[in-house]
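# quick one: sequence plus predicted model below, questions after.
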Amino acid sequence: MLRNPAEGLFPTLHEDGFVVLPGLIPRDQVEQLSRAYDAAVESAVADDVRVGSATTRVTDFVNRGVEFDSVYMLPGLLAASSQIIGRPFKLSSLHARTLRPHMPTSELHVDVRRESRAWPLAGFILMIDEFRPDNGATRFVPGSHRWPDAPEAVMPDRRADYDGQVLACGPAGSVLVFDGSAWHGHTANVSGRPRRSLQGAFIQRDACAGTDFAARMRPETLARLSPAARYVLAL
Ligand SMILES: O=C(O)CCC(=O)C(=O)O
């Protein structure tokens, strides 16, 4: 069957506003990444850590070791992000986000409103752990990336289930890519274990990045970055 060019390489991303790219990182590398994640989170200075009501975030995984260099350069991730943004783009942020055990569902939200100057934005989540229904897999409302309203305009309780919502599940090493205007949020982690992930966003090149990578850049990171990585980081 002929592909509709408007749908791009990822027709479900076009239709639903998100796509799971399963097993983008091979199993042996996920194990390495998992160990590096724990070590980096453990050794982060307090200024780089934000403990929220359900999740713990550590900023700037561009500068936390060679293991993370390829994360924001995965060809599938770049292709899907390009489809969302549709013009030259750069990395805005890359952080660790651990959903702690026994935490409730978050509110449905968008990362960027369609009428915002910061639109478009491509969000992504690399699953360090498998995302499952019991450990807080991200939920999405398919097609909501095209809706004029954000959830707060129409939902009295944004933690409630929304008709037609789906869970973005996948094995460890999968990458979830989503339109920042899609309604989404993590679900409850009722398992006894943390759900770890690396999360980030790409934005159009002339927009203001969430993390000032140039200011934070360590000489040892800079020394090993390829010209393509420097371009993606807008260095
Ligand atoms: O951690 C998750 O599953 C959802 C992340 C999220 O809500 C966001 O990126 O805005």
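Cool, the structure landed.
# alpha carbons only for contacts and neighbour counts from here, please
Will do.
# who's Gln199 bridged to?
Note on Gln199: beta-bridge partners His95, Ile125, judged by DSSP bridges.
# make sure it is actually in contact with Leu94.
Yes. Using Cα atoms under 8 Å, Gln199 makes contact with Leu94 at a distance of 5.6 Å.
# enumerate every residue touching Val30.
Shown in contact with Val30 (Cα atoms under 8 Å, 6 or more residues apart in numbering): 128, 172-173.
# which one of those is nearest the ligand?
Comparing those against the ligand with Cα to the nearest ligand atom places Ile128 closest, at 11.6 Å.
# not counting sequence-adjacent ones, nearest residue to the spatially most central residue of the chain?
In the chain, the C-alpha closest to the average C-alpha coordinate belongs to Phe124, at a distance of 2.5 Å (Cα atoms, centre = their mean). Using Cα to Cα, 6 or more residues apart in numbering and skipping the chain neighbours, the partner closest in space to Phe124 is Val177 (4.4 Å).
# residues near that neighbour, how many?
The burial count assigned to Val177 is 26, neighbours taken as other Cα atoms under 10 Å.
# wait, does the helix or strand hosting it contact the ligand?
Assigned by DSSP states H and E, Val177 belongs to strand 175-179. No. If you take Cα under 6 Å from any ligand atom as the test, strand 175-179 misses the ligand, and the best it gets is 9.1 Å.
# pairing partners for that strand, with directions?
On the basis of DSSP bridges, the sheet neighbours of strand 175-179 come out as strand 18-21 (antiparallel), strand 121-127 (antiparallel).
# nearest to the ligand, out of those?
The ligand lies closest, by Cα to the nearest ligand atom, to one member of the strands paired with strand 175-179: strand 121-127, at 6.6 Å.
# which parts of this structure are helices?
Using DSSP state H, the helices found in the chain span residues 11-16, 27-43, 75-85, 151-154, 213-216, 219-224, 227-232.
# which strands and helices sit next to the first one?
Going back to what we said before, that points to helix 11-16. With contacts defined as 3 or more Cα pairs under 8 Å, 6 or more residues apart in numbering; DSSP states H and E, the secondary structure elements packing on helix 11-16 are strand 18-21.
# chain center to the strand it packs on, what's the gap?
Centroid separation between strand 18-21 and its chain, computed with Cα atoms, centre = their mean, to the nearest Å, is 11 Å.
# can you tell if that strand touches the ligand?
No. Under the criterion of Cα under 6 Å from any ligand atom, the ligand is not reached by strand 18-21; the shortest gap measures 12.0 Å.
# for that strand, list the C-alpha coordinates in CSV.
Output of strand 18-21 as CSV, limited to C-alpha atoms (Å, rounded to 0.1, in the frame of the first residue of the first chain):
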residue,chain,number,x,y,z
PHE,A,18,3.1,9.3,20.4
VAL,A,19,5.0,6.1,19.4
VAL,A,20,6.9,3.5,21.3
LEU,A,21,10.1,2.3,19.5
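# this structure against the ligand: which residues are in contact?
Residues of the chain lying close to the ligand (Cα under 6 Å from any ligand atom) are 111, 137-138, 184-186.
# can you list the low-confidence ranges for the chain?
For the chain, residues meeting the criterion pLDDT under 70 lie at 1-3.
# circling back: of the contacts of Val30, which is the most crowded?
Neighbours were tallied for each of the contacts of Val30 (criterion: other Cα under 10 Å), and the maximum of 27 neighbours falls on Gly173.
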